[in-house]
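J.: Got a sequence here, can you model it:
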Amino acid sequence: MRKAALVVVDVQKDFCEGGALAAANTMSLLEPLKAFIDEARRRGVLIVYTRDWHPEDHSSFHTEGGPWPAHCMAEQEGSELMPPLRTEPQDLMIHKGVGVDGAGYSGFDETVLEPELVKEGITKVGIAGIATEYCVRATALDAHKAKFETTVLNDLIRAVKDEDGPRVLAELGQAGVKVADAAAWLAEVREV
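T.: Below is the predicted model of the structure:
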């Protein structure tokens, strides 16, 4: 049975360069992340993608009094995974922020992610993706709270503001979340 899952958080068109709510330096993330996903998959790691999947009247949007421009609306181009990322049949896709209310930052927030990981026998979770200060942070904290051995892959994440990344990683470390580079995490996982 598998022990590890790689949770790829919100690498969607709207959060990448040219999107409605782009984080910093996202284009430099895509090829290394794709290569890492492929290697992790070859080693038997469960690949999980999370996607914001908002209704048109989501409470976080400016039009509804929220802090963000409209982004990642369900079934719209901005909610698609950013190429070259793509799912394979054995991967798990988690939609979050599907209700009108609630930020939906965490991949665990009102989703089936935790029971799916438990069902798969997962004990270790690596977190990659966008954005460090928001959805990566919330997903990592919730994974840790759910008793998964959680590591944020510091070379495969991007922040909205580069200068916020180190502060958030320090906060996660203080909360008990590990921080490591992707190669070190995969070596530690040793799935195959």
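J.: From now on I want contacts and neighbour counts done on CA atoms only, so please keep to that.
T.: Noted.
J.: Surely Cys157 forms part of a helix?
T.: Careful, residue 157 is Ile; it's not Cys. No - using DSSP: H, G, I helix; E, B strand; the rest coil, the assignment for Ile157 is strand, not a helix.
J.: Name the nearest residue to it, sequence neighbours excluded.
T.: Closest residue to Ile157 apart from its sequence neighbours, by C-alpha to C-alpha, 6 or more residues apart in numbering: Gly129 at 4.6 Å.
J.: For burial, what's the neighbour tally of Glu188?
T.: 10 (other C-alpha atoms under 10 Å).
J.: mind saving the C-alpha coords of stretch 10-27 as PDB?
T.: This file holds the C-alpha atoms of stretch 10-27, laid out as PDB (Å, rounded to 0.1, in the frame of the first residue of the first chain):
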ATOM      1  CA  ASP A  10      -3.800  25.200  -7.300                       C
ATOM      2  CA  VAL A  11      -1.400  25.400 -10.200                       C
ATOM      3  CA  GLN A  12      -4.200  26.900 -12.300                       C
ATOM      4  CA  LYS A  13      -4.200  29.400 -15.100                       C
ATOM      5  CA  ASP A  14      -5.600  32.200 -13.100                       C
ATOM      6  CA  PHE A  15      -2.800  31.900 -10.500                       C
ATOM      7  CA  CYS A  16       0.000  31.900 -13.100                       C
ATOM      8  CA  GLU A  17       1.500  34.600 -15.200                       C
ATOM      9  CA  GLY A  18      -1.200  36.400 -17.200                       C
ATOM     10  CA  GLY A  19      -4.000  35.100 -15.000                       C
ATOM     11  CA  ALA A  20      -6.600  37.000 -12.900                       C
ATOM     12  CA  LEU A  21      -4.700  36.500  -9.700                       C
ATOM     13  CA  ALA A  22      -1.100  35.600 -10.600                       C
ATOM     14  CA  ALA A  23       1.500  34.700  -8.000                       C
ATOM     15  CA  ALA A  24       5.200  35.700  -8.600                       C
ATOM     16  CA  ASN A  25       7.600  33.700 -10.800                       C
ATOM     17  CA  THR A  26       5.100  31.000 -11.700                       C
ATOM     18  CA  MET A  27       6.500  30.300 -15.100                       C
END
